[in-house]
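Visitor: predicted coordinates and the sequence they were generated for:
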Amino acid sequence: MTDPAAKPLVPILRISFPDEDRLGRGKMELLEHIRATGSISAAGRAMDMSYRRAWLLVSEMNRMFCEQVVESQRGGQKGGGAALTPFGEQLLARFRRMESILQASLAEDLAWLEAKRNPRRDGHG
């Protein structure tokens with residue numbers, strides 16, 4: 001079991017849209033797996049997620065923007081597949097850049113919090 005005190009503090013970026021859509025690290029991880037595997041179902045499996053859940057998240061992202069994030073092809077002789085669009089690649093890169101900026105800009109405050117954290121705490125609360 002990992003010692004909770006050994007884990008660094010990590011700020012989590014989540015963008016909330018006015019219509020209740022959200023963009024966060026889970027969707028970005030799904031995009032990375034789609035890029036790596038060329039498949040929505042394989043990406044979902046890599047995240048212990050059903051194909052339906054993965055497909056719904058991809059559909060949600062495609063609906064959130066004026067441009068498609070992921071393009072998919074139905075199965076056939078060559079089988080189906082999925083790929084990030086150029087916009088999807090930009091979205092992923094920009095989100096990861098925002099995470100880096102967030103981490104860097106909060107580094108001093110995170111170090112202060114880390115110094116004040118109770119090492120005996122069990123990680124709850």
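Guide: Everything's here; your move. Note that this is a predicted model, so its numbers are computed, not measured. Numbering: from 1, shown residues only.
Visitor: measure residue 104 to residue 96 for me?
Guide: Going from residue 104 to residue 96 by Cβ to Cβ, to the nearest Å gives 13 Å. In short, each C-beta sits where N, CA and C put it, glycine included.
Visitor: output the lowest mean pLDDT helix or strand found in this structure.
Guide: Lowest by mean pLDDT, DSSP states H and E among the helices and strands of the chain is strand 70-73, with a mean of 91.
Visitor: buried sites along the next helix or strand after that strand?
Guide: Per DSSP states H and E, the first helix or strand lying C-terminal to strand 70-73 is strand 81-84. Judged by neighbour count using 16 or more other Cβ atoms under 10 Å, the buried positions of strand 81-84 are 81-82, 84.
Visitor: out of those residues, which is nearest to residue 92?
Guide: Taking Cβ to Cβ as the measure, residue 92 lies nearest residue 84 of the buried residues of strand 81-84, at 6.8 Å.
Visitor: for the closest one, which non-adjacent residue is closest in space?
Guide: residue 35 (5.2 Å; Cβ to Cβ, 6 or more residues apart in numbering).
Visitor: which element is the one you found on?
Guide: Judged by DSSP H and E, residue 35 forms part of helix 25-37.
Visitor: which other helices and strands contact that helix?
Guide: helix 40-46, helix 51-64, strand 81-84, helix 86-105 (3 or more Cβ pairs under 8 Å, 6 or more residues apart in numbering; DSSP states H and E).
Visitor: again, only using 10 Å
Guide: With contacts taken as 3 or more Cβ pairs under 10 Å, 6 or more residues apart in numbering; DSSP states H and E, helix 25-37 sits against strand 14-16, helix 40-46, helix 51-64, strand 70-73, strand 81-84, helix 86-105.
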